[in-house]
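Requesting a structural model of the entry that follows:
(one chain, ligands or ions: 1)
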Amino acid sequence: MNTTLANKNVVVIGGTSGIGLAVAKLIAQRGANLTIVSRSVERLEKAAKEIGGNVQIGTIDTLDENSVKEFFANRNDIDHLLNFAGDSMGGGVMDTDISQARNAMESKFWGQFYVGRYGGVKIKSGGSLTFTGGSGPRPHQAIATVAANAGVSLLVESLAKELAPVRVNVVSPYYVDTPMWSGMVDAERKALFDNVAKQLPIGRIAKIEDVAPTFLHVFESTYLNGVDIPVNGGAVLQTIE
Ligand SMILES: NC(=O)c1ccc[n+]([C@@H]2O[C@H](COP(=O)([O-])OP(=O)(O)OC[C@H]3O[C@@H](n4cnc5c(N)ncnc54)[C@H](OP(=O)(O)O)[C@@H]3O)[C@@H](O)[C@H]2O)c1
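A predicted model of the protein is given here:
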């Protein structure tokens with residue numbers, strides 16, 4: 001067993017589903033004292049059972065500043081903090097639903113801002129804070145998400161200075177097949193994934209296990225700081241043929 005995280009306190013916000021759950025499992029396998037946190041106690045209990053071992057749970061809603069403040073109020077012992085909570089949206093400036101666009105900014109940018117502000121100061125010297133962003137082409141199909149992710153990229157630069165010597169980074173996937181997409185009708189989701197896949201040099205969208213190890217690598221890399229790491233199968237590469 002790899003025990004590189006033995007006796008380390010690691011908190012994973014959004015550790016009940018998708019990428020966050022996969023990363024939480026990898027962290028547990030390395031012997032950490034793991035706490036998973038999200039909005040739903042039911043989902044937390046289910047995920048804790050799936051991860052196995054002695055996993056702690058906690059509740060938080062990153063859309064709510066007071067909830068984030070309260071969660072971190074009594075925690076002073078965090079070695080590594082990761083945040084996966086974040087909603088998405090679709091559409092450009094002209095055709096997007098404005099409340100959905102605002103929600104994307106609230107959850108992806110402001111949610112991580114609150115986590116940085118109230119959680120970042122609770123991380124021990126030598127520890128790390130890792131956010132989740134997004135990368136790839138900058139499409140007009142999800143403008144508020146793209147704008148929020150650009151903001152998070154700058155947020156980590158500021159926090160890496162403000163929280164020093166704690167390291168602060170963001171990992172930015174492109175399309176990943178996770179439960180986040182489960183609200184779509186199967187045929188529509190498949191059509192979307194196929195359309196994206198054929199435009200990627202790698203020929204397919206990411207599976208969860210393609211991106212989860214990158215998060216581990218980023219927070220365990222003791223000299224990586226203030227950067228935005230894309231993990232997108234070469235989505236921004238263009239060829240002219
Ligand atoms: N999947 C993709 O294609 C993709 C691409 C690029 C970036 N990302 C980003 O990757 C991250 C993880 O996405 P995923 O696809 O793994 O999603 P997912 O399977 O839907 O998981 C989201 C997790 O976040 C928690 N969560 C959501 N809103 C929350 C809130 N307001 N407060 C606290 N916890 C909250 C959820 O738990 P509860 O419901 O119990 O609260 C769940 O554990 C997101 O930031 C997403 O934007 C995803």
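
Helices along this protein, start to end?
Secondary structure of the chain (DSSP state H): helices located at 18-29, 41-51, 65-73, 98-104, 111-114, 143-162, 186-197, 208-220.

wait, which of the ones you listed is closest to the ligand?
Nearest of the helices of the chain to the ligand, taken as Cβ to the nearest ligand atom: helix 18-29 at 2.2 Å. Using the backbone N, CA and C atoms, a C-beta is placed for each residue, glycine as well.

hmm, who's touching that closest one?
By Cβ atoms under 8 Å, 6 or more residues apart in numbering, the residues outside helix 18-29 that reach it are 1-2, 5, 10, 12-15, 34, 36, 47, 50-53, 55, 82, 84-85, 132, 173, 176, 178-180, 208-209, 211-213, 215-216.

Buried ones among those?
Neighbour-count burial (16 or more other Cβ atoms under 10 Å) applied to these gives 5, 10, 12-15, 34, 36, 47, 51, 55, 82, 84-85, 132, 173, 176, 178, 208, 211-212, 215-216.

Can you narrow the residues you listed down to the ones near the ligand?
Among those, the ones lying near the ligand by Cβ under 6 Å from any ligand atom are 13-14, 84-85, 132, 173, 176, 178.

Could you dump those into TSV with pLDDT added?
Shown next, in TSV, are those (pLDDT from 0 to 100):
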residue	pLDDT
Ile13	98
Gly14	98
Phe84	98
Ala85	98
Thr132	98
Pro173	97
Val176	98
Thr178	98
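
And Ala104, how close does it get to Gly86?
8 Å (Cβ to Cβ, to the nearest Å).

How about Ile36?
Distance from Ile36 to Gly86, by Cβ to Cβ: 16 Å.

residues in contact with the spatially closest residue to Ile205 that is not a sequence neighbour?
Leaving aside its chain neighbours, Ile205 sits nearest to Tyr175 (4.1 Å; criterion: Cβ to Cβ, 6 or more residues apart in numbering). The contact partners of Tyr175, taken as Cβ under 8 Å, 6+ apart, are 136, 193, 196, 205-206.
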